[in-house]
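Colleague: structure for the following, please:
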Amino acid sequence: MIRLDLTEGALALDRRDHTRADALFHAALDRANREGNAYYQGLSLNNLSFSSKRLNRYEDSIRYALAAIDAAKKANADRTVALAEGNLGASYAYLGQFETALQHEQEAVRLNRKMGAKQLAMTYLGELGLIYDRAGRTAEAIPAYRQAFDLAGELGLKRDAARISENLALALLKTRQWDDAAQWNDRAWQLAEDSQAKASLPYLMRNRARIAWGRGHADEAARLSREMLRTSSEQPSITWEAYETLGEIDTAAKRYREANRNFESALRVIEGTRSDVLDPRNRVTLLSRLIEFYREYVDALVIQGDDARALQVAESSRARVLAERLGRDAASGRPPDTAALRAFSRASNVSILSFWVGPARSFAWLITAGGIRRFELPPEGELETLVTNYRQVVEHSIADPSSDPSARALWDSVMAPIAPAIPRHSCLIVVPDGPLHRLNLETLTAPTPQPHYWIEDMEIEVAPSIAIAMSKAPERVSDGSLLVIGAPEYAGTGYAPLPGAAAEVRDLSGRFAQAHPAVFTGAQASPRAYRDAGPAKYSVIHFAAHAEANLEKPLESAVVLSRAGDSFKLYARDVIDIPIHAELVTLSACSSAGARAYAGEGLIGFAWAFLQAGARAVVAGLWDVSDVSTGPLMSKFYEGVAQKREAASALRDAKLLLLHGDRYRKPFYWGAFQVYIRAAGK
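Modeller: Have a look, this model is predicted:
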């Protein structure tokens, strides 16, 4: 019966009937458990791991795979162990835990080689190359692809050899090894023709054009690109890259009118096409290619002095890339023009500072009622180093960050040219990019008229994009009603209790006592509590709990709550689909703003999930917050909120209270929290 359940489950999985497959795999596991059969326990668990991975439930896949390895090792079932290691490699990679992913994928390769399972070893070597590539270690992907190709050739698997050599050519192209890239691309072309894999040929022609351009053969690159447009007009993923190459060629030749026409054609294809159609073959690399395109176009426009259009293209990139990261449809419509931006700044009485970070150079646009100014900033690598050094001082040094050289270096590189153009004691909306997402500008030290933290000059809000900041404010609930979920019971979750969370919940509940707040603590503070409470009816929602961020799948970020059945995490993917109308959502949690800043789209995680669900403003933290200092900060903050003050103003006053006190002056204690907004204006 166990073998029959596993066989039928595998057939159901092939039909994409995951519900039926999981039921059969669980039935097999239950029977194996009753019989004490470690071999079938491991096999059933590994099948559940594979099925969970197919459904993008990567944490479940990891849990099943680890259990499968334990059971399979008891039965000396090396093949099951190897398969489970492969599942772990892929799942950890999707969670952005690349070092762990590489360890498991390498173990899968080692075990299959040991068993003489050459085809599986080939498969896992190919996946190993993909993981290296996704981790930004493309040079290390190349030997993995070479070994996979050798095994495919030894086994006579021409289609696999064609696919692997195409990936190898791409890796060599990305590392600018043009001659080797051309050789492997030609080999992939021949193998694709021999194995009748004709769908690969347009992509290989695209590689030929990029290689020719990389080698400096502009005429050849242009000829191939025009050929792609003629023969692949129905393939958006080929069309937009052909236009992009032509745009780059024309820009280098200073044929700016032709360059803009080609870039605009590429942009129309990108913005008018779903991502699953845009690049069905290389979904892993699609995002990085899109970012590269937007950077090329922005640079071309800056070279021409067209700052207004450059800002518009930068804004387009934020919408598209954010949609890709979240698996949502991209926002449609043209970004606001210069007149609309100035009018918005004047009407809302705010300035907007939009950053754009690139590998060669970076920019910032300052938008005020008087106009738009562009500032040039250091390239991404330099900014990354500056921000990392400063964050290290803020989070881990006992010294006062305001006197540290890293603080002065960061101010001089980023804000020194910009700050004098922003009126002191005014409101500023910041649209960050790249490493600047990890920086709270309030914590920087302004040197004049005497050194002081910039929070004393500015009231700052953060927005994922200018378009989001300018959007119509969502429907609000303004009756002062409060939903609090915090101080969870963490037994059995692997998380330590937060000592100050209970006091924080009591203080907050007391401030809103007349509104009869809904409060869930201890065992009641479960993920189900949020859904069942009907969050759409509350004007303020507060969490006092741990949070964890997912690097690769931002909607898998979670607030960690009390266990209810098998679940103790409230995922961002659940939050985003539950409409709310809150004036304010506060995540008084560790690293709750998000996990990673991807170029072009804004920090994502819980902050954006709640904004997308309908919140007007979200307060969330950039780093692990001191539980001791969070209590007084939140107490002062909610004193202002209870008085109907805007979140940014109330939070700034709370921070200044700590800054001007004795115990919590350092920005570590107050600088983590930021206000993320969906719509600006009072």
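
Colleague: how is the chain partitioned into domains?
Modeller: If you go by automatic domain parsing, the domain ranges for the chain are 211-335, 338-469, 482-677.

Colleague: and these as TSV, adding mean neighbour count, mean pLDDT and distance to S52?
Modeller: Yep, even glycine has a C-beta here, placed from its N, CA and C like the rest. Below are the domains of the chain laid out as TSV (neighbours: other C-beta atoms under 10 Å; pLDDT from 0 to 100; distance: least, C-beta to C-beta, whole Å):
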stretch	mean neighbour count	mean pLDDT	distance to S52
domain 211-335	18	87	17
domain 338-469	18	92	30
domain 482-677	21	85	12
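
Colleague: among those, which is nearest L155?
Modeller: With C-beta to C-beta as the measure, domain 211-335 is the member of these nearest L155 (22.6 Å).

Colleague: ramachandran coordinates for G86?
Modeller: Dihedral pair for G86: phi -60, psi -40, per degrees, to the nearest 10.

Colleague: do you know the pLDDT at the residue nearest to it when sequence neighbours are not counted?
Modeller: Leaving aside its sequence neighbours, G86 sits nearest to A108 (C-beta to C-beta, 6 or more residues apart in numbering; 4.0 Å). pLDDT, A108: 97.

Colleague: so how far is G126 from A108?
Modeller: In this view, A108 and G126 are 11 Å apart by C-beta to C-beta, to the nearest Å.

Colleague: quick one, which of these two is more surrounded?
Modeller: A108 (27 against 22; other C-beta atoms under 10 Å).

Colleague: who's in contact with the more buried one?
Modeller: By C-beta atoms under 8 Å, 6 or more residues apart in numbering, the contact list for A108 reads 82-83, 85-86, 89, 120, 124.

Colleague: which residues in the stretch 501-650 of the chain form strands?
Modeller: Under the criterion DSSP state E, counting those that start in this stretch, strands of the stretch 501-650 of the chain are mapped to 518-522, 540-544, 546-548, 558-564, 567-571, 584-587, 617-621.

Colleague: how close does the residue nearest to G86 sit to L6?
Modeller: Counting by C-beta to C-beta, the gap from A108 to L6 is 21 Å.

Colleague: residues contacting S481?
Modeller: Contact partners of S481, counting by C-beta under 8 Å, 6+ apart, are 512, 515-517, 537-540.

Colleague: pLDDT wise, what is it at?
Modeller: Looking at S481, the pLDDT reads 91.

Colleague: surely I485 is in a strand?
Modeller: Yes: judged by DSSP: H, G, I helix; E, B strand; the rest coil, I485 forms part of a strand.

Colleague: show me the contacts for it.
Modeller: By C-beta under 8 Å, 6+ apart, the contact list for I485 reads 520-521, 525, 529-530, 533, 542-545, 561.

Colleague: let's see that with 7 Å instead.
Modeller: 520, 525, 529-530, 543, 561 (C-beta atoms under 7 Å, 6 or more residues apart in numbering).

Colleague: closest to D60 among those residues?
Modeller: L561 (17.6 Å).

Colleague: about what we covered before: switch the domains of the chain over to JSON lines; also include distance to A77.
Modeller: Below are the domains of the chain laid out as JSON lines (distance: least, C-beta to C-beta, whole Å):
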{"stretch": "domain 211-335", "distance to A77": "31"}
{"stretch": "domain 338-469", "distance to A77": "44"}
{"stretch": "domain 482-677", "distance to A77": "26"}
